[in-house]
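Student: curious how this folds, go ahead:
(chains A and B)
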Amino acid sequence: MIRVRFAPSPTGFLHVGGARTALFNFFCARHNDGKFILRIEDTDVERSTKESEEQLMNALMWLGITWDEGPDVGGPFGPYRQSERQDKYQKAVQKLLENGNAYEVFAHPEEIEEIKSRLLSEGKPPHYEKEMFSEFDNKERREEFQSKGISPVVFFKMPRRDYSIVDIVKGEVTFKKGALGDFVIMRSSGLPIYNFAVVVDDIDMEITQVIRGDDHLSNTLKQLVIYEALGVNPPTFAHISMILGPDGKKLSKRHGATSVEEFKEKGYIPEAFTNYLSLLGWSHPDGKEIMDINEIIKMFTIERLHSSPAIFDEDKARWMNGVYIRELSLERITELSKPFIVKSGLLKEQEIESNEKWLIKAVDSVRKNAETLEDIAQKLTIYFDEPDYEKVTIEEDNEKRVSGALAVMRSNLDHVDSWNQSSIISAVKEAIKTKEPSKKDFYHNLRKVLTGKEEGPELIDIIYLLGRNEVIRRIDKVVNPV
RNA sequence: GCUCCCAUCGUCUAGCGGUCUAGGACACUGGCCUUUCAAGCCGGCGGCAGGGGUUCAAAUCCCCUUGGGAGCGCCA
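Tutor: Residues are numbered from 1 along each chain as shown, chains lettered A, B, ... in the order given. As a prediction, this is how the structure comes out:
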């Protein structure tokens, strides 16, 4: 049984890179009928917050991810929060201490810091060795620590030999001896360090495959030696490359949106965003790009993950979002648009309810050229705000055929029996036939008179949705009645 | 500085020694359709980082160079 996990630290929003890692783990689990575990890595008490944990889970759910085991749903290998697994780390440290793979150091943080800077200033790599701490290994120190109630920091004794793994995406990776010195696994606060906690948990939770960002590739060495010291075979690793900004640098705040929460707020649709993210470093064997989550799961294999970093291309993400806006059911798109409509102040929540039918049609009229839900709200403003008529002038020939046709249309519309698309079409066509303006000019100017814009929904839809009174009112602002 | 990773159109990618005068998608661009703009459809532009090998044959394998990225914390 395949068991994979996503193990974020609750220190902020869910970064798109993390989201993609979560997604790939999730796809892998579902494709193989395995289990997907959510584990919260909150050993950094300074930065971890309960709020971000919740936020993280919400973002994950928004993406369409579900987990089989986790802090909220529980499971047979809990608890799923590292802060609650203290006893397990303690036990593992004890074991390492006993079998000589780790040692305690009775030094204060500043003293260790000092050793590090001395090494650096001597031009040596900052690699610790047990002998460097010998001056602190005495009775007085032990007593001092005991009386003050502080624990010694625990270092792992790095074996001096080569290690290698066969990474599913990177291939064989060899870490030469001397790449690393001894490293801390337990802080003096008694809390474990990331690389140690991860291994203990992954063993405990019977994780079979680790899929994570390749910023962890170097960490793998630390984890490998811990597996070895604990006498456990490591899982298989798959290190996917990072997501970069448009300038090829690690995606960060200065590139704009970096968290899934931000993309949600910008009006991305979860299905589309998930779809786009899944295509960063993975591809369907036939090159298919628009896929729902089930289809991705069906086709997903970690062997198809590819190894070079990917630049996040918001143009393409927007395009894909637009595809979903056009293709998802109108009801769902309307539903998703509502918060954006309220936010932009077009309608209040109660007004949305009483205008539901009209709203659905209005959303339908603008969705064709919207790329985000924000676009939809923005494009909907033509139905609420009238154009700035100071700036609207009719461009036409000397014979004024356009304004003539507009006037005729206005009067036709005024007399239409029932207000529907086909009667509106007849009224418009009739007007064109009567005054014979160039169609292009006519429609262009009609749009400007009604909306003040150069582009937008189908004109017939605009007329229909604006309603007779409003259409006539707007025309009258510019054109004299017949 | 040391260690590791990466390298196909501007971007995401297909490609796993011959089927590649390198395929698809976004962007850009030309046209068609249409009651305007858009959407849609059809076409165009554009790439194997450079240099050495290996081989009858290399985008594909190896080495070097260059360029990018990551890690080296009592952060994760």
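Student: wait, a strand at residue A:104?
Tutor: Yes. The assignment for residue A:104 (DSSP: H, G, I helix; E, B strand; the rest coil) places it in a strand.
Student: what's the pLDDT at it?
Tutor: Reported pLDDT at residue A:104 in the predicted model: 92.
Student: what does residue A:31 give?
Tutor: For residue A:31, the model assigns a pLDDT of 97.
Student: could you pull up phi and psi at the residue nearest to it when sequence neighbours are not counted?
Tutor: Excluding its sequence neighbours, the residue lying closest to residue A:31 (C-beta to C-beta, 6 or more residues apart in numbering) is residue A:300, at 4.8 Å. In short, each C-beta sits where N, CA and C put it, glycine included. Torsion angles at residue A:300 (phi, psi; degrees, to the nearest 10) stand at phi -70, psi 130.
Student: and the gap between residue A:300 and residue A:183?
Tutor: From residue A:300 over to residue A:183 the distance is 35 Å, taken as C-beta to C-beta, to the nearest Å.
Student: looking at these two, which has the bigger crowd around it?
Tutor: The neighbour comparison of residue A:300 against residue A:183 (other C-beta atoms under 10 Å) goes to residue A:300, with 24 against 18.
Student: burial measure for residue A:288, as a count.
Tutor: Neighbours of residue A:288 (other C-beta under 10 Å): 12.
Student: for it, give me its contacts.
Tutor: By C-beta atoms under 8 Å, 6 or more residues apart in numbering, residue A:288 lies in contact with residue A:295.
Student: ok, back up a step: measure the residue nearest to residue A:31 to RNA strand B for me?
Tutor: According to C-beta to the nearest atom of the strand, to the nearest Å, residue A:300 and RNA strand B sit 12 Å apart.
Student: quick one: residue A:45 from residue A:176, how far?
Tutor: In terms of C-beta to C-beta, residue A:45 sits 35 Å off from residue A:176.
Student: where exactly do the strands run in the stretch 201-350 of chain A?
Tutor: A:209-213, A:236-240, A:243-244, A:310-311 (DSSP state E, counting those that start in this stretch).
Student: RNA strand B is nearest to which of those?
Tutor: Closest to RNA strand B of the strands of the stretch 201-350 of chain A, according to C-beta to the nearest atom of the strand: strand A:310-311, at 3.3 Å.
Student: strand partners (parallel or antiparallel) of that closest one?
Tutor: Strand A:310-311 pairs in its sheet with strand A:243-244 (parallel), by DSSP bridges.
Student: picking up where we left off before, now the strands of the stretch 201-350 of chain A as CSV including mean neighbour count, mean pLDDT and distance to residue A:404?
Tutor: Output for the strands of the stretch 201-350 of chain A, formatted as CSV (neighbours: other C-beta atoms under 10 Å; pLDDT from 0 to 100; distance: least, C-beta to C-beta, whole Å):
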stretch, mean neighbour count, mean pLDDT, distance to residue A:404
strand A:209-213, 21, 94, 66
strand A:236-240, 22, 94, 64
strand A:243-244, 20, 91, 57
strand A:310-311, 17, 93, 54
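Student: distance to RNA strand B for those - can I get that in CSV?
Tutor: Converted to CSV, those look like this (distance: least, C-beta to the nearest atom of the strand, whole Å):
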stretch, distance to RNA strand B
strand A:209-213, 8
strand A:236-240, 7
strand A:243-244, 6
strand A:310-311, 3
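Student: quick one: which of those strands is nearest residue A:266?
Tutor: For the strands of the stretch 201-350 of chain A, distance to residue A:266 was read as C-beta to C-beta. The smallest value, 16.8 Å, belongs to strand A:243-244.
Student: got the contact list for the closest one?
Tutor: With C-beta under 8 Å, 6+ apart as the criterion, strand A:243-244 contacts A:16-17, A:20, A:250-251, A:280, A:309-312.
Student: so residue A:436 makes contact with residue A:404?
Tutor: No. The pair residue A:436 / residue A:404 is not scored as a contact, 9.1 Å apart, by C-beta atoms under 8 Å.
Student: more neighbours: which of the two?
Tutor: residue A:404 (19 against 13).
Student: for residue A:293, give me its contacts.
Tutor: A:64, A:271, A:274-275.
Student: now do residue A:329
Tutor: Counting by C-beta under 8 Å, 6+ apart, there are no residues that residue A:329 touches.
Student: separation between it and RNA strand B?
Tutor: Taking C-beta to the nearest atom of the strand, one finds residue A:329 at 16 Å from RNA strand B.
Student: save the strands of the stretch 201-350 of chain A as JSON lines, and put in distance to residue A:380 too.
Tutor: Below are the strands of the stretch 201-350 of chain A laid out as JSON lines (distance: least, C-beta to C-beta, whole Å):
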{"stretch": "strand A:209-213", "distance to residue A:380": "39"}
{"stretch": "strand A:236-240", "distance to residue A:380": "39"}
{"stretch": "strand A:243-244", "distance to residue A:380": "32"}
{"stretch": "strand A:310-311", "distance to residue A:380": "33"}
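Student: compare these and give me the one nearest residue A:190.
Tutor: Closest of the strands of the stretch 201-350 of chain A to residue A:190 is strand A:209-213, at 26.0 Å (criterion: C-beta to C-beta).
Student: can you list contacts of that closest one?
Tutor: Strand A:209-213 is contacted from outside by A:2-5, A:17-18, A:21, A:24-25, A:28, A:168, A:202, A:235-242, A:302, using C-beta under 8 Å, 6+ apart.
Student: now that strand and strand A:236-240, what's the angle there?
Tutor: 20 degrees (axes from the mean of the first three to the mean of the last three C-alpha atoms, to 10 degrees).
Student: what lines up beside strand A:209-213 in the sheet?
Tutor: strand A:236-240 (parallel).
Student: if we can go back for a sec, does the residue nearest to residue A:31 touch residue A:28 like I think?
Tutor: Yes. Using C-beta under 8 Å, residue A:300 is in contact with residue A:28, at 6.7 Å.
Student: which residues does residue A:25 contact?
Tutor: Residue A:25 neighbours (C-beta under 8 Å, 6+ apart): A:4-6, A:36, A:211.
Student: and the host helix or strand of it, how far out from the chain middle?
Tutor: Assessed by DSSP states H and E, residue A:25 sits inside helix A:16-31. The chain centroid and the centroid of helix A:16-31 are separated by 11 Å under C-alpha atoms, centre = their mean, to the nearest Å.
Student: what packs against whichever helix or strand comes after it?
Tutor: Sequence order places strand A:35-38 as the next helix or strand after helix A:16-31, per DSSP H and E. For strand A:35-38, the contact count by 3 or more C-beta pairs under 8 Å, 6 or more residues apart in numbering; DSSP states H and E identifies strand A:3-6, helix A:16-31 as packing neighbours.
Student: pLDDT of the helix or strand following strand A:35-38, averaged?
Tutor: Downstream of strand A:35-38, the next assigned helix or strand under DSSP H and E is helix A:50-63. Mean pLDDT, computed over helix A:50-63, is 94.
Student: the helix or strand following helix A:50-63: which residues count as buried?
Tutor: Once the chain leaves helix A:50-63, the next helix or strand it forms, by DSSP H and E, is helix A:86-98. Buried residues in helix A:86-98, defined by neighbour count with 16 or more other C-beta atoms under 10 Å: A:88-89, A:92-93, A:96.
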